[in-house]
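1. okay, predicted coordinates and the sequence, questions at the end:
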4 protein chains.
Amino acid sequence: MCRWLAYSGAPVRLEELLFKPKNSLVMQSMHSQLGATTVNGDGFGIGWYDDQGRPGAYRSTEPAWNDRNLRDLSGVTSSRRVFAHIRATTGTAVQQSNCHPFRHENWLWMHNGVIGDFHLVKRDLAVAVDPALFADIEGSTDSELFFYLALSFGLRDDPPAAVARAVGVIEEAGRRHGVQQPIQMTVATTDGSTTWAFRYSSVHDSRSLFHSTDVSTLRDQYPDNPMLHELSDDARLVVSEPLGDLQGAWREVPESSYVVVHGAGEDLGSFAPVAP
Amino acid sequence: MCRWLAYSGAPVRLEELLFKPKNSLVMQSMHSQLGATTVNGDGFGIGWYDDQGRPGAYRSTEPAWNDRNLRDLSGVTSSRRVFAHIRATTGTAVQQSNCHPFRHENWLWMHNGVIGDFHLVKRDLAVAVDPALFADIEGSTDSELFFYLALSFGLRDDPPAAVARAVGVIEEAGRRHGVQQPIQMTVATTDGSTTWAFRYSSVHDSRSLFHSTDVSTLRDQYPDNPMLHELSDDARLVVSEPLGDLQGAWREVPESSYVVVHGAGEDLGSFAPVAP
Amino acid sequence: MCRWLAYSGAPVRLEELLFKPKNSLVMQSMHSQLGATTVNGDGFGIGWYDDQGRPGAYRSTEPAWNDRNLRDLSGVTSSRRVFAHIRATTGTAVQQSNCHPFRHENWLWMHNGVIGDFHLVKRDLAVAVDPALFADIEGSTDSELFFYLALSFGLRDDPPAAVARAVGVIEEAGRRHGVQQPIQMTVATTDGSTTWAFRYSSVHDSRSLFHSTDVSTLRDQYPDNPMLHELSDDARLVVSEPLGDLQGAWREVPESSYVVVHGAGEDLGSFAPVAP
Amino acid sequence: MCRWLAYSGAPVRLEELLFKPKNSLVMQSMHSQLGATTVNGDGFGIGWYDDQGRPGAYRSTEPAWNDRNLRDLSGVTSSRRVFAHIRATTGTAVQQSNCHPFRHENWLWMHNGVIGDFHLVKRDLAVAVDPALFADIEGSTDSELFFYLALSFGLRDDPPAAVARAVGVIEEAGRRHGVQQPIQMTVATTDGSTTWAFRYSSVHDSRSLFHSTDVSTLRDQYPDNPMLHELSDDARLVVSEPLGDLQGAWREVPESSYVVVHGAGEDLGSFAPVAP
């Protein structure tokens, strides 16, 4: 499995997100506290948008904890919207094209979890991808194929509906092949302006997912915490596990639901797959 | 495009094949003389069989010319049957899973050439792969997909017939999508006992392909050539381009034909695609 | 040997420098026109400063031409001062710590050329490095050791004097060991505000080095050239070889001299080693 | 810190040593039980000798647990003498030239531990290396520099004496710079015929080290254990931690001592540094 974070708010230097927090994502790459695996050392990736809204990415097969370039880039790169992901493979190869976040046009996508018995359902899912998109698939993971299913079902128009239909197709393919747990997922996706984050699993026992609460309230409560004072009022984080142990800073995203982050606001919706 | 060699004969240390000849494959990685590109620096791979017939492989995204491990391994590894390939990508990612030779069970496969407008035909070809094999595809190249098509059409039973049917499917898919040159290929494949090498292109203007001639005759002609005296009488090489400029050592494999190498003998057959 | 470029001026997106020019640095990595070697595929590196003057870097052992991260980063990163380097090793290992530009505090350094018979003089040169700096040396190249010699001799206070003394030490060590050509170099270094570029070789037959001329004049001459209109009036490039064939755009830096670029101005000085 | 194993005996396929045991070295790369760190994911290396006594090596910066080439090579490579090492860096870069085992001519060397405050003593130790060997140092680790000190002090003639002198020099340099714990080490070295393994630390609190006991006795005790029946009577392993939990199979190498393995015999000696 994996760990990830999605940031939005005033421009923040990447190292503030990736290296400085007590339980930072890079720290989690070697010592995850809530993950399915302690070590998430099978590559990593970051995606962000520049001040003109163009998406950039840096992905590597090295463990995040010892990648010198990640440290160097993080010190000089700032962005209003950052996706970061550390990978623990569930079987597919460790190669750049299998590192999250995946990108299509201005969209980013990252996933923690697994499509159950992927070997059995892979072909059915590949065939369900829009033929016009099929050849753009670059890697061999379940996560990227899931992204292309969501794109095929309208991610660019209505993300919650598209993800619901993609999950419906995955669950149906699973059932057809006798898979017990067709999908296990927390997923984040963004078009550069809004972030959607989903938490769901076929057996309703999903990986952890949290979002940060209002920064200004926290700042009053914790006047001495430097990280809070670096963040703008509209800063929001959605994370696989809290970056520190601050009481009240993190709220769990409930099972079978999704959160939409746009500006300083966040909305919660319930999530249910839509069968094909 | 790429360059490759296929060796069979008495056990030979890999460095004798890869580093020592004047126009060795490693030399060709930086300065190919007959290739479509001078530089073949987008990864490489070697496959070989141990003395119990088990296939091994070493594949890397580094250029062959500066891979220290390749040099070290080549000095201590000997084999009766060796496939080696240097890659110049025609567009797909530089990653280990895209490096030749590809392997399935005891079969190896390597390809120099291109499936024309691969982006257009990729989905049709993927769908034509035997569903039981589909999920074993690991990379994103045209060459590996070609291998899985051949496996789907009976490579393990009758290689020339299977390759003819695979090429037939590729050409038909190409024509359906208006591709001018559906395929350009030299391909080598082996089950560990016999090597088959094909030369074909839809427009009948194929990449170069040569096989070595009888070693004992050459040895008489060139009593002072050390490489010839290292090789056994039944040693045979099939190569994209000659490893040296010895007169009479290399014979061109004709356009639209294939050569079968088993022991000291080689047979030539003509090759024509079989439409689906 | 290698190829490099040093840019200063208004913030420019890295892809404008690295990918878009006709004879761009990435193009030179496979097809250098003036280099000692055609292929510069043994890794590369870029260094730049963010808007607060902090230096960042991205270095990789992949050939520049197929590094996906370089392409992605270059599209979303802008800087007022950029160093970029493509490497063709003269024998030392292909590893990140041997990729230029090297960095020490806010200084960057890159080198095209070679310390002659480096194996013979390496220990003498290492011993000449300031003991307080010795343990900061990370790689095994002649170029990085040259950087640490320059730092030891006052690079941070007076670059031309420090480089002259470093070269003096290198030439003396070479003569002591009977080396015919102790040094061959074009070197660029910067503190983030000024760039110094040197051209020298012990036998006075140095690698090519050019600097760009006044952009506003060129813009009048070539009203239709898009690249010139992207650049600010104070934009300056120092390069191993011209990025295009524009008449009048490039002026050769003479043998045994150096150029200092600060803002829109550049000064030329003569360079001679200072014996220890 | 790190973990390693040294095998000698009848030719054994590498996968028997690296992958098949319950607590195999590859398993230890993610879950070491006795190591200073749980994860040893900062590269790895193997060294072995072919049937003509030539040393080969494969070293990689990937974690051992996900290196596909390691798995492939291990299945087809057999050797009478194998060194294998998984790395957890104590600060120096993750690069091939820093991966153990290091090699010089026919000698291999690997180290678990650290030269204390290496940054402080590095220059003194580098200067103590035989000038004729200095330029052969390829990486930046304390472990490789320790190897070159041992070579400088006669490793090729009398390994225990040479290591004792090297450690003496390291401890003296440490004391000169106020280092509390100048060295912490388990070291293995071989010339291809004999293996020497040392356990020592300046504060007499060394990392774990074990050697296997007589295989034939064990075989009688455990008639159903498949691994024991794969090994020849003279098979011997020296390891950082036992590869399984077989009672009586492993004997701890005492603090401040070394073991010499030649053929089926092993001798134990006491180890004390020799001050310069």
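-> Cool, got the structure.

2. for the longest helix seen in chain A, the distance to its chain's centre please.
-> Selection of the longest helix in chain A by residue count, based on DSSP state H, yields helix A:159-176. Remark: helix A:159-176 is offset 18 Å from the chain centroid, using C-alpha atoms, centre = their mean, to the nearest Å.

3. give the pairing partners of the following helix or strand past it; include direction for each.
-> Next along the chain after helix A:159-176, taking DSSP states H and E as the criterion, comes strand A:183-190. Using DSSP bridges, the strands paired with strand A:183-190 are strand A:107-115 (antiparallel), strand A:195-201 (antiparallel).

4. gap between residue A:109 and residue A:206?
-> Remark: distance between residue A:109 and residue A:206 (C-beta to C-beta, to the nearest Å) = 17 Å. For the C-beta atoms, the positions are set from N, CA and C on the backbone; glycine is no exception.

5. looking at those two, which one has more neighbours?
-> For the pair residue A:109 and residue A:206, the greater number of neighbours falls to residue A:109 (26 against 22), based on other C-beta atoms under 10 Å in any protein chain shown.

6. the more buried one touches residue A:100, doesn't it?
-> Yes - the pair residue A:109 / residue A:100 is scored as a contact, 7.2 Å apart, by C-beta atoms under 8 Å.

7. give me the common contacts of the two.
-> residue A:143 (C-beta atoms under 8 Å, 6 or more residues apart in numbering or on different chains).

8. show me what from chain A comes close to chain D.
-> A:30, A:38-39, A:41-42, A:61-63, A:66, A:68, A:89, A:93-94 (C-beta under 8 Å from any C-beta of the partner chain).

9. dump the residues you listed into a markdown table; add pLDDT as well.
-> Below are these laid out as a markdown table (pLDDT from 0 to 100):
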| residue | pLDDT |
| --- | --- |
| A:30 | 80 |
| A:38 | 78 |
| A:39 | 81 |
| A:41 | 84 |
| A:42 | 87 |
| A:61 | 91 |
| A:62 | 88 |
| A:63 | 89 |
| A:66 | 85 |
| A:68 | 92 |
| A:89 | 83 |
| A:93 | 87 |
| A:94 | 88 |
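
10. can you list which of those are found in strands?
-> Secondary structure assignment by DSSP state E places none of the residues of chain A next to chain D in strands.

11. out of these, who's near chain C?
-> residue A:68.

12. any idea how far the closest residue to residue A:38 other than its chain neighbours lies from residue A:186?
-> Of all residues not flanking residue A:38 in the chain, residue A:32 sits nearest, at 5.6 Å (C-beta to C-beta, 6 or more residues apart in numbering or on different chains). Here residue A:32 is placed at a distance of 14 Å from residue A:186 (C-beta to C-beta).

13. those two: which has the busier surroundings?
-> Neighbour totals were compared for residue A:32 and residue A:186, and residue A:186 leads with 27 against 22 (other C-beta under 10 Å).

14. please give me every residue in contact with the more buried one.
-> Residue A:186 sits in contact with A:4, A:111-113, A:197-199, A:206-209, A:240, A:253, where contact means C-beta under 8 Å, 6+ apart.

15. nearest to chain C among these?
-> residue A:4 (18.4 Å; C-beta to the nearest C-beta).

16. how deep is the closest one tucked in, by neighbour count?
-> Neighbours of residue A:4 using other C-beta under 10 Å come to 28.

17. beta partners for it?
-> residue A:85.

18. quick check, pLDDT for it.
-> Per-residue pLDDT puts residue A:4 at 93.

19. would you confirm that the residue nearest to residue A:38 contacts residue A:41?
-> No - counting by C-beta under 8 Å, residue A:41 is not a contact partner of residue A:32; they are 10.3 Å apart.

20. poorly predicted segments of the stretch 1-150 of chain A, please.
-> Within the stretch 1-150 of chain A, the segments meeting pLDDT under 70 span A:1.

21. let's see it at 90
-> Along the stretch 1-150 of chain A, the model assigns pLDDT under 90 to residues A:1-3, A:16-17, A:19-43, A:62-66, A:87-94.

22. up against chain B, what does it have?
-> Going by C-beta under 8 Å from any C-beta, the residues of the stretch 1-150 of chain A near chain B are A:93, A:95-97, A:118-120, A:122-123, A:126-127, A:131, A:134-135, A:137-140.

23. list only buried entries from those.
-> Neighbour-count burial (16 or more other C-beta atoms under 10 Å in any protein chain shown) applied to the residues of the stretch 1-150 of chain A next to chain B gives A:93, A:95-97, A:118, A:120, A:122-123, A:126, A:134-135, A:137-140.

24. helices - which of those land there?
-> A:118, A:120, A:122-123, A:126, A:134.

25. farthest-apart pair in these, please.
-> Within these, two members stand farthest from each other by C-beta to C-beta: A:120 and A:134, at 19.8 Å.

26. distance check, residue A:33 against chain D.
-> Using C-beta to the nearest C-beta, to the nearest Å, one gets 14 Å for the distance from residue A:33 to chain D.

27. wait, that residue sits on residue A:27?
-> No - in this structure, residue A:33 is not within contact of residue A:27 by C-beta under 8 Å, at 9.4 Å.

28. many thanks, we can stop here.
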